[in-house]
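*Asks:* need a structure here:
(one chain, ligands or ions: 1)
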Amino acid sequence: MARFSQKWINGIVRDTDFVQLVKELTDQQPDKKGLFLCPFHTERTPSFKIYKERNLFICLGCGASGSPINFVMEYLFMSFREAVIFLARRLNRRFPKK
Ligand SMILES: [Zn+2]
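*Replies:* Below you'll find the predicted structure:
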(Lines give C-alpha, C1' and ligand atoms only; values in the text may rest on other atoms or scores of the structure.)
Protein backbone atom coordinates (compact mmCIF):
# COMPACT_ATOMS: atom_id res chain seq x y z
CA MET A 1 0.00 0.00 0.00
CA ALA A 2 1.16 3.47 -0.81
CA ARG A 3 2.71 5.76 1.71
CA PHE A 4 0.24 8.29 3.08
CA SER A 5 1.10 11.94 2.56
CA GLN A 6 0.92 14.31 5.52
CA LYS A 7 -1.73 16.26 3.64
CA TRP A 8 -3.90 13.15 3.26
CA ILE A 9 -3.48 12.25 6.92
CA ASN A 10 -4.32 15.82 7.95
CA GLY A 11 -7.55 15.54 5.94
CA ILE A 12 -8.51 12.38 7.79
CA VAL A 13 -7.92 14.06 11.15
CA ARG A 14 -9.76 17.22 10.10
CA ASP A 15 -12.82 15.31 8.87
CA THR A 16 -13.09 13.00 11.89
CA ASP A 17 -15.88 13.95 14.28
CA PHE A 18 -13.86 13.38 17.43
CA VAL A 19 -16.83 13.49 19.83
CA GLN A 20 -18.71 10.95 17.72
CA LEU A 21 -15.61 8.74 17.53
CA VAL A 22 -15.23 8.67 21.32
CA LYS A 23 -18.96 7.99 21.76
CA GLU A 24 -18.73 5.04 19.38
CA LEU A 25 -15.57 3.50 20.75
CA THR A 26 -16.21 3.98 24.46
CA ASP A 27 -20.00 3.53 24.33
CA GLN A 28 -20.46 6.69 26.41
CA GLN A 29 -22.41 9.91 26.12
CA PRO A 30 -20.68 13.12 27.26
CA ASP A 31 -21.96 14.79 30.43
CA LYS A 32 -23.57 18.26 30.53
CA LYS A 33 -20.18 19.92 30.24
CA GLY A 34 -19.24 17.74 27.27
CA LEU A 35 -16.79 15.64 29.29
CA PHE A 36 -16.30 11.89 29.10
CA LEU A 37 -14.98 9.42 31.64
CA CYS A 38 -11.33 8.99 30.66
CA PRO A 39 -10.65 5.54 29.21
CA PHE A 40 -6.97 5.82 30.14
CA HIS A 41 -7.34 6.01 33.91
CA THR A 42 -9.98 5.10 36.50
CA GLU A 43 -12.22 7.97 37.55
CA ARG A 44 -15.76 8.65 38.78
CA THR A 45 -16.01 12.25 37.62
CA PRO A 46 -15.50 12.86 33.90
CA SER A 47 -12.38 14.85 33.03
CA PHE A 48 -11.77 13.82 29.43
CA LYS A 49 -12.28 16.88 27.26
CA ILE A 50 -12.37 17.28 23.49
CA TYR A 51 -11.48 20.59 21.85
CA LYS A 52 -13.52 20.36 18.66
CA GLU A 53 -11.96 23.35 16.91
CA ARG A 54 -8.50 21.84 17.15
CA ASN A 55 -9.58 18.18 17.15
CA LEU A 56 -7.57 17.46 20.28
CA PHE A 57 -8.40 15.68 23.50
CA ILE A 58 -6.90 16.21 26.89
CA CYS A 59 -7.61 14.41 30.13
CA LEU A 60 -7.51 16.88 33.01
CA GLY A 61 -7.06 13.91 35.36
CA CYS A 62 -4.15 11.91 33.97
CA GLY A 63 -2.75 14.30 31.38
CA ALA A 64 -3.29 12.01 28.37
CA SER A 65 -3.73 14.10 25.24
CA GLY A 66 -3.55 14.07 21.47
CA SER A 67 -5.30 13.85 18.13
CA PRO A 68 -7.94 11.35 17.01
CA ILE A 69 -5.04 9.25 15.66
CA ASN A 70 -3.36 9.21 19.08
CA PHE A 71 -6.68 8.31 20.72
CA VAL A 72 -7.24 5.33 18.41
CA MET A 73 -3.64 4.17 18.84
CA GLU A 74 -3.93 4.19 22.62
CA TYR A 75 -7.47 2.92 22.92
CA LEU A 76 -7.33 0.14 20.32
CA PHE A 77 -3.62 -0.65 20.70
CA MET A 78 -2.86 0.18 17.09
CA SER A 79 0.20 1.49 15.31
CA PHE A 80 0.11 4.98 13.78
CA ARG A 81 -0.52 3.51 10.33
CA GLU A 82 -3.24 1.17 11.56
CA ALA A 83 -4.98 4.06 13.31
CA VAL A 84 -4.88 6.19 10.14
CA ILE A 85 -6.37 3.30 8.14
CA PHE A 86 -9.06 2.76 10.80
CA LEU A 87 -10.11 6.42 10.66
CA ALA A 88 -9.95 6.56 6.85
CA ARG A 89 -12.20 3.51 6.51
CA ARG A 90 -14.61 5.02 9.01
CA LEU A 91 -14.90 8.06 6.71
CA ASN A 92 -15.19 5.81 3.62
CA ARG A 93 -12.15 7.64 2.33
CA ARG A 94 -10.37 6.47 -0.81
CA PHE A 95 -6.83 5.34 -0.20
CA PRO A 96 -4.05 6.98 -2.22
CA LYS A 97 -2.67 4.98 -5.12
CA LYS A 98 1.00 4.29 -5.50
ZN1 LIG B 1 -7.24 10.23 32.10
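
*Asks:* In a strand, residue 53, correct?
*Replies:* No - according to DSSP: H, G, I helix; E, B strand; the rest coil, residue 53 belongs to no strand; its state is coil.

*Asks:* Next up, the contacts around it.
*Replies:* For residue 53, the contact set (CB atoms under 8 Å, 6 or more residues apart in numbering) is empty. Every residue, glycine included, has its C-beta placed from N, CA and C.

*Asks:* what's the spacing between it and residue 33?
*Replies:* Distance from residue 53 to residue 33, counting by CB to CB, to the nearest Å: 16 Å.

*Asks:* now swap in residue 97 and tell me
*Replies:* For residue 97, the distance to residue 33 equals 44 Å [CB to CB].

*Asks:* Just give the closest residue to the spatially most central residue of the chain, not the sequence neighbours.
*Replies:* For the chain, the residue nearest the mean C-alpha position is residue 68 (2.3 Å; CA atoms, centre = their mean). In space, and not counting its chain neighbours, residue 68 is closest to residue 16: 4.5 Å by CB to CB, 6 or more residues apart in numbering.

*Asks:* In contact with the one you found, which residues?
*Replies:* 55, 68, 87, 90-91.

*Asks:* let's see 10 Å
*Replies:* Going by CB atoms under 10 Å, 6 or more residues apart in numbering, residue 16 touches 55, 67-69, 71-72, 87-88, 90-91.

*Asks:* per-residue pLDDT, residue 94?
*Replies:* Predicted confidence (pLDDT) for residue 94: 88.
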